[in-house]
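Peer 1: Test case, fold it:
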Amino acid sequence: MIWSISWRNIWRNKVRSTVVIIAITLGISAGVFSTAFFTGMMNQRIEQVISNELSHIQIHHPDFRSTMELGNYISTGAELTRKIADIPGVKGVSNRFVIQSMISSAETASGVKIIGVDPEDEKRVTDMEQNIIEGEYFNGIRSNPVLIGKKLAEKLKVKLRSKVIITLQDLDNNITSGAFRVVGIYETPNSTYDETTVFVGRSDIARLAELPGQAGHEIAILVENNELVDTVQHQIVAMNGDLEILNWKELSPEMGYLTEVMDLYMYIFIIIILFALLFGIINTMLMVVLERVKELGMLMAIGMNKQRVFNMIVLETVLLTLVGGVVGTMAGSGLSKYFETHAIDMSLWAEGYSQLGYDPRVFTSIDVNLMITVIIMVLFTGIIAAIYPAYKALKYDPAEALRIE
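Peer 2: Numbers count the residues shown, from 1 in each chain. As a prediction, the model looks like this:
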């Protein structure tokens, strides 16, 4: 019975209750959509880092990443690559040469990281073939083809089939140069990466730097899904404990940190919204109590104990809050669900986003567990908001309350 009475009491003042419900709905829906937006942006950035830059796991000589010395290579790179490819869950393996170098055109020069790859192996590890916007992926130029980023092409003022010179220090510490031709121009959401990373054939760079053909500075591994990363990493460590074997979170700590803090950020964001709504709900329920002083006195006078009066006020507040919270969660989820397949275009700020490595076209991402948690948090907010107004109602003396007009 108390449930029915509480529900009816909410709608005694339809305008006020509707305004409160709308305020809660707007606040919760905005919070849900914002968290879905930032979660989607974070997931896209992580996916781009994995698919374009790092892969899931990388293997190096223990001293290579700290020194970038040409001689710190994995001598059994080709053999190790074949062994890793047989591990269950491994989607692709690429044995690479990585050299800090200089690339120059007739106009200017720039410092870059040269990555020597086997084109077929690299296709299984990165999305570089899908990122080509001009030319083809290592196809169309027979001798010394090179893939460069759009940003670097603009800097060097080169186009397809233009000649560029790569200058580096070979294994004997001699300065050597080689002429390459632009076979393709790629573009990723990270313009900094595009400006500083160049892809060439493994055999071409090995010949120029006098490196052993079977060796490699870096072995990049892509697994079938992120849940398998730790399992595959442990298997590789068991095979080659003397090498440096790191997953993408260890290679890019800021990306790993981003995943850890994002959940915390989302909950803090929702809590701030609920905290702001809390005072509005308290104010509304205090007004309700003040308007019904005589009525509450009459209920207590005819035998309704204070516990039932307290429960009634709390239930009214919880129902009012839950209606707004559930509707807000559904509205925010529905809007987020739409933008899971329809990108939010932020191209107006595309240059700034690309410098930070973020895609200006953002797809939202809904977390079902978050939706359930939000509704639970709304419920607790309603309970907390009800405590003071309900306590205020219990302070009235029935005899005095009945005399109030």
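
Peer 1: ranges for the helices of the stretch 301-405 of the chain?
Peer 2: Under the criterion DSSP state H, counting those that start in this stretch, the stretch 301-405 of the chain contains helices at 306-338, 350-356, 368-394, 398-403.

Peer 1: Looking at the ones you listed, which one is packed in the most?
Peer 2: helix 306-338 (a mean of 20; mean count of other CB atoms under 10 Å). For glycine as for every other residue, the C-beta is placed from the backbone atoms N, C-alpha and C.

Peer 1: rewinding a little: pipe the helices of the stretch 301-405 of the chain into a markdown table and attach mean pLDDT and distance to residue 157 per row.
Peer 2: Shown next, in a markdown table, are those (pLDDT from 0 to 100; distance: least, CB to CB, whole Å):
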| stretch | mean pLDDT | distance to residue 157 |
| --- | --- | --- |
| helix 306-338 | 84 | 43 |
| helix 350-356 | 66 | 19 |
| helix 368-394 | 81 | 48 |
| helix 398-403 | 52 | 85 |
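
Peer 1: Figure out which of those helices is closest to residue 30.
Peer 2: helix 306-338 (7.1 Å; CB to CB).

Peer 1: picking up where we left off before, and of the helices of the stretch 301-405 of the chain, who's closest to residue 14?
Peer 2: Taking CB to CB, helix 306-338 is the member of those nearest to residue 14, at 12.1 Å.

Peer 1: Please name every helix or strand in contact with the closest one.
Peer 2: Under the contact criterion of 3 or more CB pairs under 8 Å, 6 or more residues apart in numbering; DSSP states H and E, helix 306-338 touches helix 2-10, helix 14-48, helix 253-291, helix 293-301, helix 368-394.

Peer 1: quick one: which of those helices is nearest residue 75?
Peer 2: That would be helix 253-291 among these, by CB to CB, at 28.8 Å.

Peer 1: Who are the packing partners of that closest one?
Peer 2: helix 14-48, helix 248-251, helix 306-338, helix 368-394.

Peer 1: my guess is residue 149 contacts residue 193, does it?
Peer 2: Yes. Residue 149 lies in contact with residue 193 (CB atoms under 8 Å); the separation is 7.0 Å.

Peer 1: If you drop the residues flanking it in sequence, what lies closest to the most centrally placed residue in the chain?
Peer 2: The chain has residue 42 as the residue nearest its centroid, 1.5 Å off, counting by CA atoms, centre = their mean. For residue 42, ignoring the flanking residues on the chain, the nearest one in space by CB to CB, 6 or more residues apart in numbering is residue 262 at 5.2 Å.

Peer 1: is it true that the one you found touches residue 45?
Peer 2: No. At 10.5 Å, residue 262 does not count as touching residue 45 under the criterion of CB under 8 Å.

Peer 1: neighbour-wise, which of those two wins?
Peer 2: When residue 262 is set against residue 45 and neighbours are counted by other CB atoms under 10 Å, the residue ahead is residue 45, at 20 against 16.

Peer 1: what's that one in contact with, if anything?
Peer 2: Residue 45 is in contact with 255, 258, 357, 358, 359, counting by CB atoms under 8 Å, 6 or more residues apart in numbering.

Peer 1: Compare residue 149 and residue 193 (neighbour count), which wins?
Peer 2: For the pair residue 149 and residue 193, the greater number of neighbours falls to residue 149 (25 against 20), based on other CB under 10 Å.

Peer 1: neighbours of the closest residue to the more buried one other than its chain neighbours, just the number please.
Peer 2: Nearest residue to residue 149, sequence neighbours excluded (CB to CB, 6+ apart): residue 194, at 2.8 Å. For residue 194, the neighbour count with other CB under 10 Å is 24.

Peer 1: Ok, residue 78 next?
Peer 2: Neighbour count of residue 78, defined by other CB under 10 Å: 17.

Peer 1: cool, and residue 210?
Peer 2: 12.

Peer 1: just checking, it touches residue 170?
Peer 2: Yes. Using CB under 8 Å, residue 210 makes contact with residue 170 at a distance of 4.7 Å.

Peer 1: quick revisit: including distance to residue 76, could the helices and strands packed on helix 253-291 go into a markdown table?
Peer 2: What follows is the helices and strands packed on helix 253-291, written out as a markdown table (distance: least, CB to CB, whole Å):
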| stretch | distance to residue 76 |
| --- | --- |
| helix 14-48 | 31 |
| helix 248-251 | 21 |
| helix 306-338 | 48 |
| helix 368-394 | 44 |
